[in-house]
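K.L.:
below are the sequence and a predicted model for it; my questions follow.
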Amino acid sequence: MGQKTHPYGFRLGVIKTWKSKWYEDKQYARWLHEDLALKREIRQKYAHAGIADVEIERAANKAKVIVHTARPGIIIGKRGAGVEQLKQELQKLTQNELFVDIVEVRKAETNAKLVAENVATQIERRVAFRRALKKAVSTAMKFGVRGIKIVAGGRLGGAEIARTEKYREGRVPLHTLRADIEFGEATAHTTAGTIGIKCWIFKGEIREARRRRPAQPVPDRF
């Protein structure tokens, strides 16, 4: 089951929350496709800016797009000109009043999406895939993650037959719901074909503070 269920969706409502925060009855389909179009536009336009995640919040006729990026300077531009340009382009995709927030990702080496994209970029530049995978694993562990698993699948090294290569270090408990597991994937486009990269990063367990109940008096049975 751990190999078939998306680690994020598996934990929704337990330790994870939704990336699109809104609810609508009549406009549901339109807002859903707007969300998908907004995310697609941001990822395509700023593919080189290390986009880790895109969150969308809506309320009535207003929408807020929160972009998590490892290189905020590329998006912000000089004196915030890049943000204004991005806002104007995204406004064409929605009828709601749009606001854009840029959030910096501090440790890109511990973000699953960025790790997968980094490995994919190296493979496209003809770096040996084993070297790229091992380096990603060792770097993430140095930055303090509890565990990492990374898988590459496809015509590795230009081989005739596609296969998968997997590297793992530390713990990655996919079945534990309280485990904070980040998942990311990327695709490397090579001359031999596409190579898929999947990455799981375990950052520790999230435990809710248990409230201590007051001691109940023991009933007298005699």
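P.N.:
Cool, the structure landed.

K.L.:
please make it C-alpha for all contacts and neighbour counts, starting now.
P.N.:
Noted.

K.L.:
how does the chain divide up, domain by domain?
P.N.:
Per the record, the chain has its domains at 7-104, 108-205, by automatic domain parsing.

K.L.:
format those as a markdown table; extra columns: mean neighbour count and mean pLDDT.
P.N.:
What follows is these, written out as a markdown table (neighbours: other Cα atoms under 10 Å; pLDDT from 0 to 100):
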| stretch | mean neighbour count | mean pLDDT |
| --- | --- | --- |
| domain 7-104 | 15 | 90 |
| domain 108-205 | 19 | 94 |
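
K.L.:
residues in contact with Ala97?
P.N.:
For the record, residue 97 is Glu, not Ala. By Cα atoms under 8 Å, 6 or more residues apart in numbering, the residues touching Glu97 are Asn61, Lys62, Ala63, Gln91.

K.L.:
out of those, which is nearest to Arg126?
P.N.:
Gln91 (38.5 Å; Cα to Cα).

K.L.:
apart from its neighbours in sequence, what residue is nearest Gln91?
P.N.:
Leaving out its chain neighbours, the residue that sits closest to Gln91 by Cα to Cα, 6 or more residues apart in numbering is Leu98, at 6.2 Å.

K.L.:
Arg43 too?
P.N.:
The nearest residue in space to Arg43 (Cα to Cα, 6+ apart) is Ile51, at 6.7 Å.

K.L.:
so the one you found sits against Ala112, correct?
P.N.:
No - using Cα atoms under 8 Å, Ile51 and Ala112 do not qualify as a contacting pair, with a distance of 11.3 Å.

K.L.:
now do the helix or strand hosting Gln122: distance to the chain's middle.
P.N.:
Assessed by DSSP states H and E, Gln122 sits inside helix 112-124. On the basis of Cα atoms, centre = their mean, to the nearest Å, helix 112-124 sits 13 Å off its chain's mean C-alpha point.

K.L.:
for that helix, packing partners?
P.N.:
Helix 112-124 sits against strand 51-59, helix 129-142, strand 179-189, strand 194-205, with contacts defined as 3 or more Cα pairs under 8 Å, 6 or more residues apart in numbering; DSSP states H and E.

K.L.:
what are the bridge partners for the residue nearest to Gln91, then?
P.N.:
As for beta bridges, Leu98 partners with Ala63 under DSSP bridges.

K.L.:
so where does Ala152 fall, helix or strand?
P.N.:
Assigned by DSSP H and E, Ala152 falls in strand 147-154.

K.L.:
brilliant, that's me finished.
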